[in-house]
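Trainee: Next come a sequence and a model predicted from it.
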Amino acid sequence: MQVLSIAGSDPSSGAGIQGDIKTFTALGVHGLSVITALTSQNTSKFFDVAAVSPQMIRSQLRSILSDFQVDAIKVGMVYSKKAIMAVHSELKRIKIPVILDPIFESTTGGILLQRDSFSYFKKLLLPIAYIITPNVLEAEKLAHMKIRSLGDFKKAAIMIQKMGARCVLIKGGHLQGDKVTDVLLEDKIFYTFSHNRIGFTGHGGGCTFSAALCVNVAKGQRLRDAVKSAQEFTLQSMKKAVKVGRGISIVGQGRIDLIENDLSHAIARFAAIEGVYQHIPECQTNFVYSGTNPKSIVDILGLEGRIVKTGKSVAVVGNLKYGASKHVASAVLEIARKFPI
C-alpha cells in the first residue's frame, strides 16, 4: 500500500514531509513525497522559506503517479499560488481520495501560505478534496466567522463544504476547556469526537493526524472510523513527544503492531477485490488474526464491527481491536488448541 504526501520540507522532522513519512512508516505503509517548499526552522524559531518551482512540482507528481499505485493523497503546505495551480493541474482528474490539511502558519511562527494565495487555495484545492481537516483557527479563516460553540462548528463546516470539499473535519484543540471536541461533516451528517485534553505544547500534532487519516482512508476504513483511529494514534504520539532540541517537543510516532498491520492490509486487499460484495453473507463478514498459540480471545485481533455489503461494494465498519471478535475468534482459538505450533 502506498500513500503520497504533498507538502513542505521541515528540517526538524517534526512536521511536513518528514513528519508525514514517520507517520506513514509507523502505520505500516510506504510513504511517497512531493516537496512544494523548503523551510528553515528548528524547535525554537522559524527562519526562512523558499518555494519549489511549479515545473518541479508537476515533474515530481508525474513521476510518482506514473509509476506507483497511490491509494490516498495528503496535501499539506503549498505556500504559493503557483504551487497550488501546479498541484491542482495534476490532481484534478484523478480518482484517488485527497486529504487536504490547510497549513497557513507553523507552530514556530512562520507564514506557510502567502497572503495572495489564499483565494487560490479555496478555489482550486477545496473542490478536489475528499476531506479537509482545519483546526479552529484555520476554519475561522476559511469560513470568515468566529467559532466558539458546537453550533458554530456546524455552521462553519457547512460553509466550508459549500466551497467544494466533500467532507469537513474541524479540530477543536485551540479552544479552551478540559475536553477537546472535533466535528466531522460527512455529506450531510454530523459526528462529534471528544477526548480529555492532554498537556501538549509541541510540533507536529496536526500533520500527524492528517497523515494518519490519509493512511486509514487508504485502508478503506469508513470515514468516521478513520477519524477516530487517527485521533487515537495522534493522542498516543503526543503523549510520546520528545524534547530533542532546545525548544518545543516533537511528536513521537510509536512502533506498529505487526499483527495489526498484516490484518489491516489483508482486509484492504479483500475489500478491493472486484465483485467481492457477491460473497458477503447476510450476517456480514469479519477477519481475525493472531500470533502463534493464542491463549484467549483477547490475544486475537479482529474488527469491532464487520465488513458489510453496501450495494455493489463493501465497507469496513469499525476499528481493529484485540478481543473484538467472539464468534470467529473462538474458531481460531479452538484450531490453535488442536494444532499448536
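Mentor: Nice, thanks for sending it over. Residues are numbered from 1 along each chain as shown.

Trainee: Moving C-terminal from the helix or strand harbouring Ile21, which element do we reach first?
Mentor: When elements are defined using DSSP states H and E, Ile21 is found to belong to helix 16-26. On the C-terminal side of helix 16-26, the closest following helix or strand by DSSP H and E is strand 30-41.

Trainee: That next one - contacts with which helices or strands?
Mentor: strand 2-9, helix 16-26, strand 46-51, helix 54-65, helix 81-91 (3 or more CB pairs under 8 Å, 6 or more residues apart in numbering; DSSP states H and E). Every C-beta, even on glycine, is put in place using the N, C-alpha and C of the backbone.

Trainee: want to throw these into JSON lines with mean pLDDT, mean neighbour count and distance to Ile250?
Mentor: Below are the helices and strands packed on strand 30-41 laid out as JSON lines (pLDDT from 0 to 100; neighbours: other CB atoms under 10 Å; distance: least, CB to CB, whole Å):
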{"stretch": "strand 2-9", "mean pLDDT": "97", "mean neighbour count": "26", "distance to Ile250": "15"}
{"stretch": "helix 16-26", "mean pLDDT": "93", "mean neighbour count": "24", "distance to Ile250": "8"}
{"stretch": "strand 46-51", "mean pLDDT": "93", "mean neighbour count": "14", "distance to Ile250": "15"}
{"stretch": "helix 54-65", "mean pLDDT": "98", "mean neighbour count": "17", "distance to Ile250": "26"}
{"stretch": "helix 81-91", "mean pLDDT": "97", "mean neighbour count": "21", "distance to Ile250": "25"}
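
Trainee: picking up where we left off before, dump the helix holding Ile21 to CSV, keeping only the CA atoms.
Mentor: Below are the C-alpha coordinates for helix 16-26, written out as CSV (Å, rounded to 0.1, in the frame of the first residue of the first chain):
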residue,chain,number,x,y,z
GLY,A,16,5.8,18.5,7.0
ILE,A,17,7.1,15.8,4.6
GLN,A,18,9.5,14.3,7.2
GLY,A,19,6.7,14.1,9.9
ASP,A,20,4.3,12.5,7.4
ILE,A,21,6.8,9.9,6.3
LYS,A,22,7.4,9.0,10.0
THR,A,23,3.6,8.5,10.5
PHE,A,24,3.3,6.5,7.3
THR,A,25,6.1,4.2,8.4
ALA,A,26,4.7,3.8,11.9
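
Trainee: contacts for the longest helix anywhere in the chain?
Mentor: Secondary structure of the chain per DSSP state H: the longest helix is helix 223-239. By CB atoms under 8 Å, 6 or more residues apart in numbering, the residues outside helix 223-239 that reach it are 23, 26-27, 131, 167, 169, 182, 184, 186, 191, 193, 195, 198, 200, 202, 204-205, 208-210, 212-213, 215-217, 219, 221, 251-254, 305, 316-319.

Trainee: in the protein, which ranges drop under the pLDDT threshold?
Mentor: For the chain, the stretches flagged by pLDDT under 70 are 254-256.

Trainee: Which residue ranges make up each domain of it?
Mentor: Using automatic domain parsing, the domain parsing of the chain gives 2-256, 259-338.

Trainee: Mean neighbour count, those domains: which tops it?
Mentor: domain 2-256 (a mean of 19; mean count of other CB atoms under 10 Å).

Trainee: Let me know the helix or strand that the residue most central in space within the chain is in.
Mentor: If you average the C-alpha coordinates of the chain and look for the closest C-alpha using CA atoms, centre = their mean, you land on Leu213, 1.7 Å from that point. Secondary structure assigned from DSSP H and E places Leu213 in helix 205-218.

Trainee: what's that helix packed up against?
Mentor: Applying 3+ CB pairs under 8 Å, 6+ apart, we find helix 205-218 packed against strand 2-9, helix 16-26, strand 70-75, strand 98-100, helix 223-239.

Trainee: how far off strand 30-41 does that helix point, in degrees?
Mentor: Interaxial angle, helix 205-218 versus strand 30-41 (axes from the mean of the first three to the mean of the last three CA atoms, to 10 degrees): 160 degrees.

Trainee: Report the angle between helix 205-218 and strand 2-9.
Mentor: Between helix 205-218 and strand 2-9, the angle comes out at 160 degrees (the same axes, to 10 degrees).

Trainee: now helix 205-218, how far from the centre of its chain.
Mentor: Helix 205-218 has its C-alpha centroid displaced from the chain centroid by 2 Å (CA atoms, centre = their mean, to the nearest Å).

Trainee: what does stretch 324-341 give?
Mentor: 33 Å.
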